[in-house]
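1. next come a sequence and a model predicted from it.
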Amino acid sequence: MSNTLTLLFTKNFYEMPPDEQREVYMEYFRMVYPMVFFIVKDYQATEDIIQESFLRTLDRAGQLNDVGSAESWLRTVARNVTFNFLRKLKKNRNELDHGSVFSRREPPKNLIYACLEEEVEAQLLKEDIVQYMNLLKPEYRLLVELRSGRNCSYKEIALLLGTSESVVRQRLYRARESVKQKLRENWGLLDGQ
């Protein structure tokens, strides 16, 4: 993360000089613009979403404990505001204009946004899972790679690493739980799933 963006977490934004505020905002804008625009495909909506997400980060910047994960957190806030925007569009789509129900032949743009939202969210989820996997201990990453990537059995992994199957199972369980915990924290997923 750039030094400019770290000012969000080390200084009070509202007490910064206007030039410095502008520089921080533009750095944030440049960081999240490609992702937000890719999702909504609308310049004005993208700018509105980025402004809204920036204001939310200002409100909650003091709550972030680990400044090392700040960039990921900033992107997550922008992504969540974007998806909230798309949900509102989706809700409004259900309010039909009765005069135009039978005259339209092409799919409504909001339907395209809804499908695109699901596709983008799935891609972002995959990227986050890869990121969480990279945060695992090296021995856990190796176990996951052998089990999931190479389809090795527990017995094969145990023989390969010179350990017991129960140790392999236990470590794989811990690795999976670590990734699930990150998903719960950042995505709110897997609760009751």
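-> Perfect, thanks for sending it.
2. what ranges does this protein have for its helices?
-> Secondary structure of the chain (DSSP state H): helices at 3-10, 18-40, 43-60, 70-93, 109-134, 138-144, 154-161, 165-187.
3. turn the ones you listed into a markdown table, including mean neighbour count and mean pLDDT.
-> To be clear about C-beta, it is placed using only N, CA and C from the backbone, and glycine gets the same treatment. Below are these laid out as a markdown table (neighbours: other Cβ atoms under 10 Å; pLDDT from 0 to 100):
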| stretch | mean neighbour count | mean pLDDT |
| --- | --- | --- |
| helix 3-10 | 15 | 74 |
| helix 18-40 | 16 | 86 |
| helix 43-60 | 16 | 87 |
| helix 70-93 | 17 | 80 |
| helix 109-134 | 14 | 70 |
| helix 138-144 | 16 | 85 |
| helix 154-161 | 15 | 88 |
| helix 165-187 | 15 | 87 |
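4. domains of this protein?
-> Per the record, the chain has its domains at 3-125, 135-193, by automatic domain parsing.
5. and the end-to-end length of the first one?
-> Domain 3-125 stretches 27 Å from its first residue to its last (Cα to Cα, to the nearest Å).
6. and stretch 152-168, by the same measure?
-> End-to-end for stretch 152-168, by Cα to Cα: 11 Å.
7. so how far is it off the chain centroid?
-> Distance, stretch centre to chain centre, for stretch 152-168: 34 Å (Cα atoms, centre = their mean, to the nearest Å).
8. contacts for it, please.
-> By Cβ atoms under 8 Å, 6 or more residues apart in numbering, the residues outside stretch 152-168 that reach it are 142-143, 146-147, 169, 172.
9. again, only using 6 Å
-> Residues outside stretch 152-168 that contact it (Cβ atoms under 6 Å, 6 or more residues apart in numbering): 146, 169.
10. stretch 76-87 too?
-> With Cβ under 6 Å, 6+ apart, stretch 76-87 has contacts from 32, 36, 39, 49, 52-53, 56-57, 113, 117.
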